[in-house]
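> The following block contains a protein sequence and its predicted model.
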Amino acid sequence: MTKTHPRMTVTKAVVPAAGLGTRFLPATKATPKEMLPVVDKPAIQYVVEEAAAAGLSDILMVTGRNKRALEDHFDRAYELEELLARKGDRDKLRRVQESARLANMHYVRQGDPKGLGHAVAVAEQHVAGQPFAVLLGDDLIDPRDPLLSRMIEVQQELGGSVIALMEVDPSQIHLYGCAAVKPNGFGEDVVRVTDLVEKPDTADAPSNYAVIGRYILDPAIFDVLRETKPGRGGEIQLTDALRGLAVRDASTGGPVHGVIFKGRRYDTGDRADYLRAIVRLACEREDLGPEFRSWLRDFVATEMQS
């Protein structure tokens, strides 16, 4: 496939973070769910690190009430830094300073909790007519599997919007947005999206390709979002707006492509998956893994005997 006119470089990311985290109550009564620790970093830091590693230096976080801790985490902590410097604890000082150096962070409040589509629409002024990434905090992508960089590459080559897809067991597709796809001749991992359905009944799902929380969006999405009526759950669904883009041609903001992801994804969206994510990541850490894996083997063996 031949390359079309040069694309605008993707440099901005939007991270929706206004949810109440009710599945994690009472832990999230006073603490944003995005700040819950995954080993020794809050979940949201993994997401910002992923964006920064893909070259996205400008990040807008869409927040809501009681989310001040997010802003504090990505800001400098001068008193703590001075204390650690006086103690000569350079390792902890580096880790404390790391989050403030990842990217240029900006914040805006969503206001009314009208769904993911509405949260993305709030970012229109900030992205200023450029293609941009959207990263959802419940999906953590292993840094050894550079999904976001691949999606940006596809968008730069083909234009339009790009969504991340993952094959799931058909019995689980009702938990996700679902894509109907066809080949497009641009690599085995890239498809053309022809239709999208938000959380379909299993019998009605057009495929077992689930939409996971990474998107590269053409700014035409904002025009579609303005016309999108509340859908499932009474919310403005990003999936519904992307469905509108999928049928457009390149001159009007379409089409929509999918990158099929087969790498390592850690789901922190519910309690059981959150615990599994912590165990998997802790096992793979060089500083924690050997001792933790040894303890885990003994623990599992004991449990199997009881």
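All right, it came through fine.
> Need the nearest residue in space to Val127, chain neighbours excluded.
In this structure, Val127 finds its nearest non-sequential neighbour in Lys12, 5.3 Å apart by Cβ to Cβ, 6 or more residues apart in numbering. (Glycine included, C-beta is placed from N, CA and C.)
> For the one you found, give the beta-bridge partners.
On the basis of DSSP bridges, Lys12 is bridged to Asp58.
> go on, Asp139?
With DSSP bridges as the rule, Asp139 is bridged to Asp267.
> ok, it - contacts?
Contacts for Asp139 (Cβ atoms under 8 Å, 6 or more residues apart in numbering) come out as Ile212, Gly213, Arg214, Arg265, Tyr266, Asp267, Thr268, Gly269.
> which of those residues tops the neighbour count?
Greatest neighbour count in those, by other Cβ atoms under 10 Å, goes to Arg214: 27 neighbours.
> Check which element follows the helix or strand containing that residue along the chain.
Assigned by DSSP states H and E, Arg214 belongs to strand 209-217. Downstream of strand 209-217, the next assigned helix or strand under DSSP H and E is helix 221-227.
> Same list (the contacts of Asp139) but as TSV, adding distance to Asp240.
Below are those laid out as TSV (distance: Cβ to Cβ, whole Å):
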residue	distance to Asp240
Ile212	17
Gly213	16
Arg214	18
Arg265	24
Tyr266	27
Asp267	23
Thr268	25
Gly269	20
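> For the strand holding Arg214, which strands pair with it and how are they oriented?
Applying DSSP bridges, strand 209-217 is found paired with strand 132-135 (antiparallel), strand 161-167 (antiparallel), strand 177-183 (antiparallel).
> any chance of the contacts of Asp139 in a markdown table, plus pLDDT?
A markdown table is the format used below for the contacts of Asp139 (pLDDT from 0 to 100):
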| residue | pLDDT |
| --- | --- |
| Ile212 | 95 |
| Gly213 | 94 |
| Arg214 | 96 |
| Arg265 | 93 |
| Tyr266 | 90 |
| Asp267 | 87 |
| Thr268 | 89 |
| Gly269 | 85 |
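> The residue nearest to Val127: what's it in contact with?
Leu56, Asp58, Ile59, Leu60, His126, Val127, Gln130, Phe132, Ala133.
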